[in-house]
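Engineer: No letters, just coordinates:
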């Protein structure tokens, strides 16, 4: 989801109220796909295909962040609009059963399974909740820098992007405290560990900060399209989605520079994942997915996931056991979709 800050709950609610629409309750039939358009030769292009939904799981809230770990799917219920109880929900991917619902901090956004625990960033109260997957309970609440969001694990530590203070914080799991911060660009959204580094996507700067995890220093800054969000290390490159310019870009980690810009990947390309030898893009608009061939950078698709309006918060997508798990905020559920055959 594309967001603006301050305060987070109000900004998110206003954006969603202005942008959302459509029927949140069901997948569209084939006839409900976007209307086919006539080409210059007069032929009519077929409507986009709709992915088969294998399972639907109601999360009891407003699902936004998602991760896999400890044999489960973990989904954050942010509750920034409803005022309900923020939580992280544990789902059995085999049958879609909700195993546990665990209360966390205010306006949680993202979740990470690493270092023997599940970590949840709580953007409104500047904390990270540490959940013990053996007990399904919060065992520590860690004060962080301002407005924490994206999470990553590297060098035995948990790294958190703090968009309110333009920093990346480092949490020591042995002490349950933040031990240091690294200044990065303007409004960092996400972090990822890749190529012996930690990378932060700086939304308002249109840059990526490359951090040496051994000393916490920024060693390179890569200019991207405006609005970089999710980053995916795959096929020897770092791929980054830029929601405001509707592109996915490929960064060469050996040169610390852009190697390619891929267009036609959806109106609001956001979530990225690797599956079946390709890079896949989930666009908030629809939502829908596209496939990028990492060798040729050719794009195929789209495939429609569900029909619930234009802003759906499917920032992250989990590919697990041949299925795609996507949080659909408007309908209050997570769906397990059957991915399309290799295009």
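Structural biologist: All right, it came through fine. Treat the numbers as computed from the prediction; the structure is a model and nothing was measured.

Engineer: which sections of the stretch 1-150 of the chain are below the confidence cut-off?
Structural biologist: 1-46, 83 (pLDDT under 70).

Engineer: Can you show me the strands along it?
Structural biologist: For the stretch 1-150 of the chain, strands defined by DSSP state E, counting those that start in this stretch occupy the ranges 49-50, 53-58, 63-69, 72-77, 87-91, 98-103, 108-114, 117-122, 127-132, 137-143, 148-154.

Engineer: Just send these back as CSV, with distance to residue 303 too.
Structural biologist: The way it works is simple: take the backbone N, C-alpha and C, and place the C-beta from them, glycine included. Below are the strands of the stretch 1-150 of the chain laid out as CSV (distance: least, C-beta to C-beta, whole Å):
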stretch, distance to residue 303
strand 49-50, 5
strand 53-58, 12
strand 63-69, 19
strand 72-77, 21
strand 87-91, 23
strand 98-103, 27
strand 108-114, 25
strand 117-122, 30
strand 127-132, 33
strand 137-143, 37
strand 148-154, 26
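
Engineer: Which of the ones you listed sits closest to residue 323?
Structural biologist: strand 53-58 (6.0 Å; C-beta to C-beta).

Engineer: From the chain's centroid, how far away is that closest one?
Structural biologist: Centroid displacement of strand 53-58 relative to its chain, using C-alpha atoms, centre = their mean, to the nearest Å, is 19 Å.

Engineer: Sheet partners, orientation included, of it?
Structural biologist: Its sheet considered, strand 53-58 pairs with strand 333-337 (antiparallel) by DSSP bridges.

Engineer: one step back: identify whichever of the strands of the stretch 1-150 of the chain lies nearest to residue 233.
Structural biologist: Of all the strands of the stretch 1-150 of the chain, strand 148-154 comes closest under C-beta to C-beta, at 10.8 Å.

Engineer: who does that closest one pair up with?
Structural biologist: Strand 148-154 has its sheet partners listed here by DSSP bridges as strand 157-162 (antiparallel).

Engineer: contacting residues around the partner strand?
Structural biologist: 112, 114-115, 119, 121, 126, 128, 144-153, 168-173, 178-179, 181, 184, 188-191, 193, 198, 200-201, 213 (C-beta atoms under 8 Å, 6 or more residues apart in numbering).

Engineer: picking up where we left off before, can you put the strands of the stretch 1-150 of the chain in TSV and add mean neighbour count and distance to residue 247?
Structural biologist: Putting these into TSV (neighbours: other C-beta atoms under 10 Å; distance: least, C-beta to C-beta, whole Å) gives the following:
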stretch	mean neighbour count	distance to residue 247
strand 49-50	16	23
strand 53-58	17	28
strand 63-69	23	23
strand 72-77	26	27
strand 87-91	24	32
strand 98-103	16	36
strand 108-114	25	23
strand 117-122	26	26
strand 127-132	22	31
strand 137-143	16	35
strand 148-154	25	20
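
Engineer: Residue 341: which of those is closest?
Structural biologist: Across these, residue 341 has its closest neighbour in strand 49-50 (10.3 Å, C-beta to C-beta).

Engineer: can you give me how far the closest one is from the chain middle?
Structural biologist: Counting by C-alpha atoms, centre = their mean, strand 49-50 is centred 22 Å from the centre of its parent chain.

Engineer: Check which helices and strands it sits against.
Structural biologist: Under the contact definition 3 or more C-beta pairs under 8 Å, 6 or more residues apart in numbering; DSSP states H and E, strand 49-50 sits against strand 299-309.

Engineer: what's the strand it packs on packed up against?
Structural biologist: strand 49-50, strand 286-292, strand 323-328, strand 333-337.

Engineer: what are the ranges of the helices in the stretch 101-250 of the chain?
Structural biologist: With helices called from DSSP state H, counting those that start in this stretch, the stretch 101-250 of the chain shows none.

Engineer: hang on, the earlier thing: out of the strands of the stretch 1-150 of the chain, which is closest to residue 326?
Structural biologist: Of all these, strand 63-69 comes closest under C-beta to C-beta, at 7.5 Å.

Engineer: What strands flank that closest one, and is each parallel or antiparallel?
Structural biologist: If you go by DSSP bridges, strand 63-69 pairs up with strand 72-77 (antiparallel).

Engineer: distance between the ends of stretch 210-224?
Structural biologist: End-to-end distance for stretch 210-224, by C-alpha to C-alpha, to the nearest Å: 13 Å.
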